[in-house]
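Novice: predicted model and sequence follow; I will ask about them next.
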Amino acid sequence: MKHLQRPCPICRGERGEVLHSQRFDLPDEDPLPREYDVVACAACGFAFADTPAPQSTYDAYYAARSKYEDRTVGTGGGDSPYDLRRLEALAVFLAAHIPWRDRPVLDLGCANGGLLQALSRHGFTRLVGVDPSPGCAANVRALGFEGHVGGLFAGSDLGRFGLVSLTHVLEHVRDLDAATTALRALVDVDGLLYVETPDAAGYAACLRAPFQDFNTEHINHFTRRSLESLLGAAGFVPVASGEKVFDAAPNIPIPAVFTLARRVEAPAVAAPVYDRDSVERVREYVQRSSEELRRLDAVIAPHLDAPLQVWGTGQLLFKLLHDTCLGRARITAFLDNNPKLQGGTLRGVPVKAPSEAEAGVPILIASTLHGPAIAASARALGLDNPLILLGATPPR
C-alpha cells in the first residue's frame, strides 16, 4: 500500500495498492507527467492514476494539443462510419428516454459536434457545444450550433440545461469532485445528466494494444459501480445505466459504461464497499498487456542494427520507447500525420510529416491497431521504404 498523492476520487481514501507503474517517453514539449502509478483505492477498489499533475496542467494540454479538431485523426464528429454509428445509437437512446425536445441541451467535450448533429436529427432544437479546443468550437459553430471554448470548470455562465452530456470525458479529468460540483450547477432542477466512459471491467477482453487504456490522458478507470457512486454522491439518481461495447474502427472494440441520471436534491452518500471483482479485472488487463509488450519487444529486436524511422507518435510509442528495446534503436525521425506534433521533437529527434520521410531508411509502424492502413498510406505517398509492422494484438 502507498499513501496517495491524489485522494481517491470516489471515496476520498488516502491509501491504495499499486497495480502497475506506468512510464512514458513523451514529446519534449508535452507537459503531462512521464510516470505515474495506477492504483486501486484500499477502501473502495476504484482504479485510477495517482498523477502528480494538477487539473490546470490537463486543461492547458487539451486546449493547446487537442487532436479532435482534425477530422482525419480525431473522433466525436461522426466523420467515420463507425463514429457516426456510435453517435447515432447514443442519440436514439437519449431520444427514447427524454420526452421533451425543446429544453436546452449541452454537450461538454463536444469535439466537432457529431452528437449535436445526431440529436438535431431526432428533433432536439436548443443545442450547445463546449470544448477546450478553439478549433472544435469553431467547427461546431460552422454547423449552425452554439459553440463555446471551455470545459467543465468554465461553463457556469451558460445557464442551466435540461440535459448535459459527457461522452468519454470524465476519464480525462483529475479533479472529479470539482467536476461533479460543476455538473450539478449546469443541470436544471429535475434535469438529466448522461455520462459515458471506458469500462475498466472490459479492458482485458477488448485488449488491442498493451496498456492502451493506461495512457497520459485516461487517468480514471470507471466501472458501472464506481460511476454510479460518483454521480450518486453529487445528487444524481440513475434512470438507465449499463455496459456496452462499440467498434471505434474495424476490429477495435471499445468497452464502455454509461449512466443517464436525474438531478435530485439529496445526494446518496454511502460507506465505501470494496469492489474486488473490478480490481481483479484490472489485474488481468495488466497481465495480458505485459505479455503483449514482451511479444512486441521480440518483433522489434531484429531491427536495431540499422537506422530507423518510426511512424506514429501516439500512446503505444510512448510505452515502447520506455519498456522495449525500441528505446535503444537509432531513430532518425518520427513521422506523424497530426500537424500539431509536426515540428516538435521526441528524445531530441524531429517529428515530421510522413511525406518528409528519408528515402531508403526503414520505417517501423508503431501501431498494433492501424498498421496495415498506415502501410497503405505510405505506399500511397510513393514511399518505397522497407516497412516493419508490429502485427495485431491477438484477441482474447
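Specialist: Sure thing, it's come through. Computed from a predicted model, the values in this text were never measured in an experiment. Residues are numbered from 1 along each chain as shown.

Novice: hey, where'd the strands end up in the stretch 51-200 of the chain?
Specialist: For the stretch 51-200 of the chain, the strands defined by DSSP state E, counting those that start in this stretch occupy 105-108, 127-131, 146-149, 161-167, 187-198.

Novice: what lines up beside the fourth one in the sheet?
Specialist: Strand 161-167 sits in its sheet next to strand 105-108 (parallel), strand 187-198 (parallel), going by DSSP bridges.

Novice: how far does the shortest one sit from the chain's center?
Specialist: Spelled out, that is strand 105-108. 18 Å (C-alpha atoms, centre = their mean, to the nearest Å).

Novice: quick one: mean pLDDT over it.
Specialist: The average pLDDT for strand 105-108 rounds to 97.

Novice: returning to that earlier point: what's the most buried one of the strands of the stretch 51-200 of the chain?
Specialist: The highest mean neighbour count among the strands of the stretch 51-200 of the chain, using mean count of other C-beta atoms under 10 Å, belongs to strand 105-108: a mean of 28. For the C-beta atoms, the positions are set from N, CA and C on the backbone; glycine is no exception.

Novice: secondary structure class for residue 37?
Specialist: Following DSSP: H, G, I helix; E, B strand; the rest coil, the label given to residue 37 is strand.

Novice: that one pairs with what?
Specialist: residue 21.

Novice: give me the number of residues near it?
Specialist: For residue 37, the count of nearby residues is 19 (other C-beta atoms under 10 Å).

Novice: the bottom helix or strand of this structure by mean pLDDT?
Specialist: helix 55-65 (a mean of 86; mean pLDDT, DSSP states H and E).

Novice: and that helix, which residues are buried?
Specialist: 55, 58, 59, 61, 62, 65 (16 or more other C-beta atoms under 10 Å).

Novice: wait, the fourth one sits on residue 29?
Specialist: No: contact between residue 61 and residue 29 fails when scored by C-beta atoms under 8 Å: they sit 10.5 Å apart.

Novice: and the helices in the stretch 201-350 of the chain?
Specialist: Taking DSSP state H, counting those that start in this stretch, the helices of the stretch 201-350 of the chain run over residues 224-233, 276-300, 315-323.

Novice: got a markdown table for those helices, with mean neighbour count too?
Specialist: Shown next, in a markdown table, are the helices of the stretch 201-350 of the chain (neighbours: other C-beta atoms under 10 Å):
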| stretch | mean neighbour count |
| --- | --- |
| helix 224-233 | 22 |
| helix 276-300 | 17 |
| helix 315-323 | 22 |
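
Novice: ok, which of the ones you listed comes nearest residue 1?
Specialist: Among those, the nearest to residue 1 by C-beta to C-beta is helix 276-300 (13.2 Å).

Novice: packing partners for that closest one?
Specialist: Contacts defined by 3 or more C-beta pairs under 8 Å, 6 or more residues apart in numbering; DSSP states H and E place helix 276-300 against strand 15-23, strand 35-41, strand 47-49, helix 315-323.

Novice: chain center to the least confident helix or strand of the chain: distance?
Specialist: 14 Å.

Novice: now do the contacts for the residue nearest to residue 106 when sequence neighbours are not counted.
Specialist: Distances taken as C-beta to C-beta, 6 or more residues apart in numbering put residue 161 closest to residue 106, at 4.4 Å, once the chain neighbours are dropped. Applying C-beta atoms under 8 Å, 6 or more residues apart in numbering to residue 161 gives the contacts 103, 104, 105, 106, 128, 186, 187, 188, 191.
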